[in-house]
Structures are given as structure tokens and as C-alpha cells.
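Engineer: need a structure here:
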Amino acid sequence: MTQPNVPARIDRAALERILQRAAELQASEHEIGEGLTSDEVLALGKEVGIPGQYLQQAMLEDQGRIATPEAQGLAGYLAGPAEVAAARVVRGDQEAAERALIDWMEKNELLTVQRRQPGRISWERLGGLQAVLRGVSRLGSGRASFMLDRTDLVRATVTPLEPGFHHVSLTASLRASRSGYLGGGIAMASVGLASTMVLAALQAAWIAAAAPVAAGLLAGWALTRRYRPVADRTLLGLERALDYVEGAAIKPGHQVPARGSGLLDLLTGEVRR
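Structural biologist: Numbers count the residues shown, from 1 in each chain. Here you go, the predicted structure:
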């Protein structure tokens with residue numbers, strides 16, 4: 001039995017809708033015209049109690065947002081984009097953002113640094129014994145599963161904006177994974193077509209002859225479409241990494257420990273992670 005004196009709880013989704021609607025109502029009381037300047041947005045936010053630092057960060061994110069790569073060509077239409085990207089504006093210095101990215105990828109993904117330059121980092125897929133050890137070390141640890149394990153290459157760019165703010169963008173290449181799904185779909189369609197040609201040569205009924213190619217096309221299409229969840233999961237993995245960078249509190253003197261080259265160092269290092 002419910003207690004009438006206990007106020008109802010508002011979940012996160014409802015809270016976001018309420019705040020968005022309240023902001024719309026507040027903005028409707030002002031004459032916006034063709035748009036507002038940054039100072040006017042800050043003043044409007046001050047009226048509704050939004051701290052200026054959050055409004056400034058949100059404006060920088062909106063100015064620096066990147067468009068989602070569109071799927072191009074027949075391969076893009078059938079399967080999806082070969083690359084996915086995500087970006088965020090974070091507070092702090094550039095070195096801290098880069099350290100946070102490396103720390104996250106080293107601990108939570110099957111990736112290793114391929115190349116690092118000021119403002120640019122690239123990772124490639126981890127393989128061999130190190131990949132096995134990193135996977136085994138997560139068993140029973142309660143950590144989330146790997147999300148970028150299907151990528152060929154992950155690139156990060158950290159660009160300074162205003163003092164104290166940086167634009168962090170991540171791009172993941174999935175060309176090999178997409179090619180695998182497309183190749184499987186084409187193979188199924190080819191088998192169906194070959195079967196139809198054989199039946200046609202044997203002068204089978206046209207319905208029986210057309211059945212294999214139809215089945216092959218449907219099976220190939222279904223297999224190709226299974227690539228899209230892979231791309232969506234990879235995008236979620238990029239967003240998860242940006243969440244960590246945005247909320248990480250890393251001391252200025254902290255450095256990612258150097259990885260030993262010996263087998264014992266690999267074993268102990270991966271277990272400690």
C-alpha cells in the first residue's frame with residue numbers, strides 16, 4: 001500500500017524532460033530573434049541558475065561537434081559506415097586528457113598505443129599473449145566487457161580551445177570487420193546464384209530454380225546487416241572512453257607506468273589491472 005505523504009520519485013529520464021521543458025519555457029520569455037551571443041546565453045543561464053562554466057563547456061561542445069560519418073557507396077548502404085566517431089569538450093590540461101585516454105585504453109580495451117604525438121594518439125588492436133592475459137585478468141573482476149575489440153585502429157585528437165578547455169575527438173576504423181560481413185553476405189548470395197544456375201541447366205521448374213538465389217540473397221542481406229550492431233557498440237565504446245576522460249581526476253604528477261618486456265612483468269601487470 002502506498003503512503004500518500006511520501007513524494008513521488010523522479011527518475012533521470014523524467015528529470016531531463018522536466019529540465020529541458022523548463023529551459024524552453026524560460027527561453028520563450030526572451031526575444032531571441034536570429035540568435036543569441038555567448039554573453040547573452042551566459043546571462044540567460046545565470047537567470048535559471050546554471051553555472052557559467054557548464055554553459056561555456058556546453059557551447060564549446062556544440063561549436064566543436066563533429067558530424068557522424070555517413071555511409072558512402074554500395075558497401076555503406078548495405079552494411080554501414082567504415083568509421084565511427086565521437087567528440088567531447090573536457091576541462092583540464094591537454095596532458096591530463098591524453099593520460100586519461102591512455103589509461104582507459106590500457107585498462108579497459110584490447111588496445112595498445114601505436115603512436116603518440118602532442119595532441120594525437122593512435123591505438124592498434126592488442127594481439128598474442130598480451131591480449132589473452134588482459135582478457136583473463138577481467139574474469140570475475142566485475143568490469144564491463146571490451147567494446148573496441150573489433151576495431152582496426154583508434155585515433156584520438158586533443159585540441160586546445162579556450163584556457164582550461166580542450167576538444168577531444170575519437171575515431172574508430174572498422175574496415176576489416178565490415179569487409180568480413182560484406183564478404184560473407186556476397187558468398188551466400190553467390191552460392192544461391194550458382195545453385196539457381198545449376199537447376200536452370202537441369203531444366204527444373206522456374207519456382208524451384210529461383211528459390212536458391214532468393215534464399216541466398218536474403219541470407220546475405222541478413223548477415224550484412226549484422227554489422228550495424230558492431231558499429232553501434234563501437235560508438236558506445238568511444239563514448240564510454242570520453243565519459244572517463246571527462247570525469248577522471250588525475251593528479252598532474254601521475255604517469256602511466258611503463259610496461260615491462262618480460263613474461264613475468266606481463267603477467268603481474270595484467271593481473272594488477
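Engineer: So A156, which state does it fall into?
Structural biologist: strand (DSSP: H, G, I helix; E, B strand; the rest coil).
Engineer: wait, what's in contact with it?
Structural biologist: Counting by CB atoms under 8 Å, 6 or more residues apart in numbering, A156 touches 98, 101, 120-123, 168-170. The C-beta positions use only the backbone N, C-alpha and C, and glycine is treated the same way.
Engineer: and if you look at G80?
Structural biologist: 71, 178, 227-228, 231.
Engineer: just L170 next, same as before
Structural biologist: 85-87, 154-156, 238, 241-242.
Engineer: Relative to the helix or strand containing it, what are the paired strands and their orientations?
Structural biologist: Assessed by DSSP states H and E, L170 sits inside strand 165-173. With DSSP bridges as the test, strand 165-173 is paired with strand 83-91 (antiparallel), strand 153-160 (antiparallel).
Engineer: CA atoms of it as PDB?
Structural biologist: Written as PDB, here are the backbone C-alpha positions of strand 165-173 (Å, rounded to 0.1, in the frame of the first residue of the first chain):
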ATOM      1  CA  PHE A 165      39.100  23.600 -22.100                       C
ATOM      2  CA  HIS A 166      40.100  21.000 -24.800                       C
ATOM      3  CA  HIS A 167      38.200  19.300 -27.600                       C
ATOM      4  CA  VAL A 168      38.800  15.500 -27.500                       C
ATOM      5  CA  SER A 169      37.700  13.500 -30.600                       C
ATOM      6  CA  LEU A 170      37.900   9.800 -31.100                       C
ATOM      7  CA  THR A 171      37.600   7.900 -34.400                       C
ATOM      8  CA  ALA A 172      37.500   4.100 -34.800                       C
ATOM      9  CA  SER A 173      38.100   2.300 -38.000                       C
END
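Engineer: how about the helix or strand just after it: buried residues?
Structural biologist: Next helix or strand after strand 165-173 toward the C-terminus (DSSP H and E): helix 175-201. For helix 175-201, a neighbour-count test (16 or more other CB atoms under 10 Å) marks 177-178, 180-182, 184-185, 188-189, 191-192, 195-196, 199 as buried.
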